[in-house]
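# Generate a structure from the sequence data that follows.
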Amino acid sequence: MATATERIPVLVSREEKINLAQKARQSRVSLGEYLRRAAAAYRTTDDDAVLEGMISQMLKTTEQAEHAIDNALALVEASNQRIAAMESNRRG
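All right, here's what the predicted structure looks like:
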């Protein structure tokens, strides 16, 4: 790993600094190292793309399920009508 020589000033509230410092201590690293690791792990665009793909697939699958349910209900209704007609013919 290259030696860190550049600074990136980041302003945070007192509460945020306390919270971040506590997390860094719990991770047994310096605050700077904690922030470097957090920044390196942050992948918002990748996560957004994956999420968008999942949403798109969910919408497509939901539409397919709705069509399948509509088709099944139509088949049940047609079957019920045939049964009713057969029962009517038997009585008549």
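# what about K17, how many neighbours?
K17 sits with 13 neighbouring residues when counted by other C-beta atoms under 10 Å. C-beta: built from backbone N, CA, C; applies to glycine.
# wait, I meant L35
Neighbours around L35, by other C-beta under 10 Å: 17.
# So what does it look like in phi/psi?
phi -70, psi -40 (degrees, to the nearest 10).
# And for the one 5 residues further on?
Phi and psi for A40, reported as degrees, to the nearest 10, are phi -70, psi -30.
# how close does S30 get to Q22?
13 Å (C-beta to C-beta, to the nearest Å).
# again but with L31, I slipped
Distance, L31 to Q22, by C-beta to C-beta: 10 Å.
# Mind checking what secondary structure the nearest residue to G32 once chain neighbours are set aside has?
Distances taken as C-beta to C-beta, 6 or more residues apart in numbering put A4 closest to G32, at 7.5 Å, once the chain neighbours are dropped. Using DSSP: H, G, I helix; E, B strand; the rest coil, the structure places A4 in coil.
# ok, R37 - how many residues close by?
R37: 13 surrounding residues under other C-beta under 10 Å.
# Not counting its neighbours along the chain, what's nearest it?
R37 sits nearest to V29 (C-beta to C-beta, 6+ apart), 7.2 Å away.
# so is the one you found in a helix, a strand, or just coil?
V29 ends up coil, using three-state DSSP.
# Now do E87 against L75, distance only.
19 Å.
# just to revisit the earlier point, so which of L31 and Q22 has more stuff around it?
L31 (14 against 11).
# can you pull out the helices in the chain?
14-26, 31-41, 44-91 (DSSP state H).
# Would you format the ones you listed as TSV with mean pLDDT and distance to I8 included?
Listed next are the helices of the chain as TSV, based on pLDDT from 0 to 100; distance: least, C-beta to C-beta, whole Å:
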stretch	mean pLDDT	distance to I8
helix 14-26	97	14
helix 31-41	93	9
helix 44-91	92	18
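# who's in contact with the residue nearest the centre of the chain?
In the chain, the residue lying closest to the centroid (C-alpha atoms, centre = their mean) is L51, at 5.0 Å. Shown in contact with L51 (C-beta atoms under 8 Å, 6 or more residues apart in numbering): no residues.
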